[in-house]
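Peer 1: Pasted the sequence and its predicted model underneath.
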Amino acid sequence: MFRRHVIAVLAASLITGASAFSVGQESQPATQGSSASSSDKQVHRKHGKQNPAERVQKLSKKLNLSSEQQTKVQGILESQQQQMQSLRQDTSLSQQDKHAKFADLRQNTSSQIRAALNADQQKKFDEMEKKHEQRMAKHGKKNDSQSAPQ
């Protein structure tokens, strides 16, 4: 349930759902070795995690971003990626605190991207995020019903 909820909230946020997913993966035993990390990367790819350049290309295609907007959005997404990596490596925070900080970071990133858009693009971006949240909520409900005692 946690994994899907986190992925849902993010991938918009197109932007970063799978990043929080990896936080949950860090708690797995170290005995799984490097084969787990390579399979984790494959799982991330399946769930839509992309590098900033790929995400910019998707947003550019859907929102018709100008080259200036693409540059701004790429910088925002690269900054987010660096902050998420630092957050993943922060051992002083509880999983719950990390989850909250990931959510704040995703929301802040979304706000920064939105600010770089014109009015029409903002409307499309808001619709994209709303649809994403609805899909994630739907997945969360499915997962809740699957994990409920029978």
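Peer 2: Cool, got the structure. Numbering: from 1, shown residues only.
Peer 1: Give me the helices and strands touching the helix or strand that contains D97, please.
Peer 2: Per DSSP states H and E: D97 is located in helix 95-115. Counting by 3 or more C-beta pairs under 8 Å, 6 or more residues apart in numbering; DSSP states H and E, the packing neighbours recorded for helix 95-115 are helix 2-11, helix 17-26, helix 67-89, helix 119-147. C-betas here are computed from N, CA, C, even on glycine.
Peer 1: tell me the secondary structure for L93?
Peer 2: Recorded secondary structure, L93: coil (DSSP: H, G, I helix; E, B strand; the rest coil).
Peer 1: Now for this protein, the helix or strand with the poorest mean pLDDT.
Peer 2: helix 17-26 (a mean of 39; mean pLDDT, DSSP states H and E).
Peer 1: returning to what we had before: mean pLDDT for the helices and strands packed on helix 95-115: which is lowest?
Peer 2: For those, the weakest mean pLDDT is recorded on helix 17-26, namely a mean of 39.
Peer 1: Export only the CA atoms of stretch 132-139, formatted as PDB.
Peer 2: C-alpha atoms of stretch 132-139 as PDB (Å, rounded to 0.1, in the frame of the first residue of the first chain):
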ATOM      1  CA  HIS A 132      -2.300  11.300 -11.700                       C
ATOM      2  CA  GLU A 133      -3.700  11.800  -8.200                       C
ATOM      3  CA  GLN A 134      -6.900  10.100  -9.200                       C
ATOM      4  CA  ARG A 135      -5.100   7.100 -10.600                       C
ATOM      5  CA  MET A 136      -2.900   6.900  -7.500                       C
ATOM      6  CA  ALA A 137      -5.900   7.100  -5.200                       C
ATOM      7  CA  LYS A 138      -7.600   4.300  -7.200                       C
ATOM      8  CA  HIS A 139      -4.500   2.100  -6.900                       C
END
